[in-house]
Structures are given as C-alpha cells and as structure tokens.
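This is a predicted model, with the sequence first.
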Amino acid sequence: MPKIHYFQRYSSVENTVTNNTLQLFARIYNYSTSQASKVLSELSGEPVEIGIEINQQERAKDSVPDGTIIQRSFKVLVEAKVDAGVDTDQLIRHAANFSNESQKILLLLTKQPIEKKEEENISRQILAAHPGVVFKNITYEGVCKAIRGLFKDYEYEMYALVDDYVEYCNDANLFDQSKFLMRILPCGESVEINKKYGIYFHPSDRGYTNHSFVGIYANKTVQSIWAIDSVFDIEFDGTKLKKKLIQGRATNDYDEKIIGIIKDAKKECGYNVEDGHRFFCGSPAETDYKKSSAGGIQGARFINLRDVIGEFTDTKDVAKKLTGKLWE
C-alpha cells in the first residue's frame, strides 16, 4: 500500500516548502513546548524559552510576592529560500518587523549554507539598522538534524512525523542525503533468505525514499546490510524471468539469485512474489547493529550512516563500523 504522507509532495516552490516546515514546528509545539524550545534553541544558537515560568516567593526589587508567573517574549522570523538567491535588503526589511520582544531572531533557511563571511556581513548590516536582532543561516539538513532524536520510538505519530519531514526534504531535493541513507527493514520469516541472497523484496507499489543501503532487521538487531547495486521490478512465470530496471546497474548478475529467492519465498515463507514485487539487490555483509530500546519496529526506519559512523568506504566498512553500536 502506498505510504500516506504528513507533508505534501506535489510542489517544491518556496511557499509549499515554507508551509511544510512551519507545519513541522507547529506539530512539535502542539505536542511538547519543551521539545519545540529545544529545536528553536539549537537552530538559532540562542536559548529560546517557550511557555510560562512559575516561581514561589522570589524577591523582586523592594518586595517578595508569594508567587510569580512569567511569560518571556520572543519572536522568530523565517525567510525560506529554495533556488532564489539571498537578498540582503529583504532580510533587513524583515528585521524591521520586530518591536519590543526580549528576543529577536531572524532565520534564513536555505538548501546550502551561505559562506561564513556573507552571513557575518548580513548580520552586521542587520544589527546596524536594527540593534538586538540575531541573524542566523540554517539549512533544511540542519532542521532535519535538529529534529532527529527528539522523540522515542513509542511516540509513534511524532516519530513518523519527523521521519516524513526528513523524507520530504530528500524527495524535494532540499538536500540530498540518499547516498548516506540506510533503510532498516523488519524481515520476519524471510530474514534468512534475504541474508542468503542479498536481496530484499516488497510490493512494487509501495512508496519509499531513495536510499543507498539496505539493512535486514530481525530479533532487535540489523543482521546484514548491502549497498544497493540494482533494483528491479520482476515477473517470473516459473521459467522465464522478466526484469524492469528501476534503479542502479542494468545487469543479469542477479538473475539466478532472484529466481532462487522467489522459489524460497514460496517454499519457506508461503510468499507469492513472482510478480508485482520490487527486488533490491547487492552483496551482503554481516553486522550486528542492535536496537537498545524496548520492543521491535513497526515498519521501515531510515538512518543517516554518516551521522552514526562518520565517513565510510564500502559495505564491509559500514558493516564493521556498525557492529556493536546501538540505536533506539
């Protein structure tokens, strides 16, 4: 079944991108003001406090009231760019929209970070025209990094929301992380044949974000991984194999393995995958990347390998570096 998304995919124009990003912030705020505060603080580099502060018998000038309830004022303005260039004059005009807030933060959201010298120059011009305004350039990738890890896997809806925003940014080419993405897949009864052949299959109409690595998961650990070499949609009538290349290398190298896993899926798991299925093929390497939190996973998970293990060379290197690491 095609995946239902939280964020619309039909347009990458700036107003759609802005709307999706603000929707993300709104959903996080509605769920948890402390998590919203954490995200905005990380992105802006300023301590953004959301919500009221309640104190008892706190001295104030010449008296000690029994209680104090404080709501600190702040304002964050966002200018989102997709392909348009940075307009310094526009940013200075935006800064004029602040008034008496105790915190004034102007964020420029871009696909790629602007040069440090340019950011510093814009900041100086804004401060000269509007003292007290903090200017910061952030990227869509930076937003994704800030929201990663905010929620536990039992917070199903918020976890899915964060995943979908990251997928949206990748799908809309707001930043390309596909070469670092590994898709962790719960395989259940098919895990042994997936590992044996270095092939994962699922229905052809099931949506997914572009990724470069497959991680075969069962019994609370990723047991095997491979870099995706070829992806095919398959038809097999018991004798003749028909392939449609979807991604990667056009090759017949996997034909015997595809036929083998089709037969084993039927024999060992009772799965009929002769047609209507997509096959992700590569050369597997064993690993042991354990899930430390309680329970299994409800569906596929994406992780950015670069965030977990840093730089890597090939599948064997990834498998080695993942072994012994934990994830939630």
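Everything's here; your move.

tally of neighbours for Pro203?
11 (other Cβ atoms under 10 Å). From N, CA and C alone the C-beta is placed, and that goes for glycine too.

who's it bridged to?
His277 (DSSP bridges).

Hmm, it is touching Asp275, no?
No. Judged on Cβ atoms under 8 Å, Pro203 makes no contact with Asp275 at a distance of 10.3 Å.

got any ranges where this protein has weak pLDDT?
The model of the chain has pLDDT under 70 over residues 1-4, 9-12, 57-61.

And the helices in the stretch 201-328 of the chain?
255-264, 305-309, 315-322 (DSSP state H, counting those that start in this stretch).

and the last one, what other elements does it pack with?
Spelled out, it's helix 315-322. strand 221-227, strand 285-291, helix 305-309 (3 or more Cβ pairs under 8 Å, 6 or more residues apart in numbering; DSSP states H and E).

now these in a markdown table, with distance to Gln56 and mean neighbour count?
Shown next, in a markdown table, are those (distance: least, Cβ to Cβ, whole Å; neighbours: other Cβ atoms under 10 Å):
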| stretch | distance to Gln56 | mean neighbour count |
| --- | --- | --- |
| strand 221-227 | 49 | 22 |
| strand 285-291 | 43 | 18 |
| helix 305-309 | 42 | 16 |
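
Kindly reformat these as JSON lines containing distance to Thr16.
Converted to JSON lines, the helices and strands packed on helix 315-322 look like this (distance: least, Cβ to Cβ, whole Å):
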{"stretch": "strand 221-227", "distance to Thr16": "33"}
{"stretch": "strand 285-291", "distance to Thr16": "35"}
{"stretch": "helix 305-309", "distance to Thr16": "27"}
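
Of those, which is nearest Ala95?
Closest of the helices and strands packed on helix 315-322 to Ala95 is helix 305-309, at 33.2 Å (criterion: Cβ to Cβ).

name the helices or strands packed onto that closest one?
helix 315-322.

Off-centre distance for the helix it packs on?
21 Å (Cα atoms, centre = their mean, to the nearest Å).

could you check the angle strand 285-291 makes with it?
Interaxial angle of helix 315-322 relative to strand 285-291 (axes from the mean of the first three to the mean of the last three Cα atoms, to 10 degrees): 30 degrees.

Next, the buried residues of helix 315-322.
315, 318-319, 321-322 (16 or more other Cβ atoms under 10 Å).

now do stretch 228-235
Across stretch 228-235, burial judged by 16+ other Cβ under 10 Å covers 228-232, 234.

Same question for stretch 109-118.
Neighbour counts over stretch 109-118 (16+ other Cβ under 10 Å) mark 109-111, 114 as buried.
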